[in-house]
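Undergrad: Here is a sequence together with a model predicted from it:
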Amino acid sequence: MDHFPTNWGRPRNDAYDAYGTFPLPHRPNNNTKDAFASAVQRTQQPIVTGTSVLALKYKDGIMMAADTLASYGSLARFKDIQRLHPIGNYTVIGAGGDMSDFQYIQKFLQELIIDEFTSQDGHDLGPAQIHEYLSQVMYSRRSKLNPLWNSLLVGGFKDGKSFLAYVDLLGTTYSASTLATGYGAYIAQPLLRKEVEGKEDTLTEEEAARIMETCIRVLYYRDARSIDKYQLATITADGIKITDSRPISTSWSFAEGIRGYGAQTQ
């Protein structure tokens, strides 16, 4: 019996000595060549993503809202994800886009809060400081984070002052009395501006919650990556409150009158 592997009808691949048949000094280098490991790494393709985050100022503080869906591509995979996260005693951040990047940012922000607490210098980080820190971190680490990742909203209340600002992967920052990310920047932002701007000093918490629910409902109708459950966060002088997920009432009966929907073809 011929036990020599290269005589079994398989052509020898000089680039890879699969059977160890080359003499030791002449064997090619078969070590794994992982060029990716030595290159800049980041999420090349978002896997689990969230959609819009909304925020507004009202007379008592800041209110933020986000639905609880994280999609796996076009699959509504995780339906109870919290995309509003408290940082310290005065700040909440909300994020859309890749959820792994958001978890990464939560981790080093928590480390920052712990370092600030252990310093025992009598100072606490407020929303303005966290926003400034994020703008620098996002810009300096832009090559390691997902380039398709949307943005962060930073809302807070400290020393009797409300704070609401935006920051994205390129370190772009701005402030306004109403903010929205993702698809909400196109659909919900006009609604927020109409209902809130010029009324920030008189808008009650109940009115703000009603506006948020309306915007979330519109996004659910229009955004294929949203869901009919959402969370509200309020940041006031009394502290941070983030609700459990709550449903929104919807009605699809209007669709029967749309031409091309169902049996309606004329």
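TA: Thanks, I have it.
Undergrad: In this structure residue 67 contacts residue 232, no?
TA: No. Look at residue 67 against residue 232 with C-beta atoms under 8 Å: they stay out of range, at 11.0 Å. The way it works is simple: take the backbone N, C-alpha and C, and place the C-beta from them, glycine included.
Undergrad: With neighbour numbers in mind, choose between the two.
TA: A side-by-side neighbour count of residue 67 and residue 232, using other C-beta atoms under 10 Å, places residue 67 first with 28 against 22.
Undergrad: Model confidence score at that one, please.
TA: With respect to pLDDT, residue 67 scores 95.
Undergrad: now swap in residue 251 and tell me
TA: pLDDT recorded at residue 251 is 84.
Undergrad: now stretch 91-104: mean pLDDT?
TA: 89.
Undergrad: scratch that, stretch 255-263
TA: For stretch 255-263, mean pLDDT is 65.
Undergrad: again, but for stretch 156-163
TA: Average pLDDT, stretch 156-163: 94.
Undergrad: That stretch: which residues count as buried?
TA: With burial defined by 16 or more other C-beta atoms under 10 Å, the residues of stretch 156-163 counted as buried are 156, 157, 158, 162, 163.
Undergrad: got the end-to-end distance for that stretch?
TA: This stretch, stretch 156-163, spans 5 Å end to end (C-alpha to C-alpha, to the nearest Å).
Undergrad: go on, stretch 232-242?
TA: End-to-end distance of stretch 232-242 (C-alpha to C-alpha): 6 Å.
Undergrad: Which positions in it come out as buried?
TA: Neighbour-count burial for stretch 232-242 flags 232, 233, 234, 235, 236, 240 (criterion: 16+ other C-beta under 10 Å).
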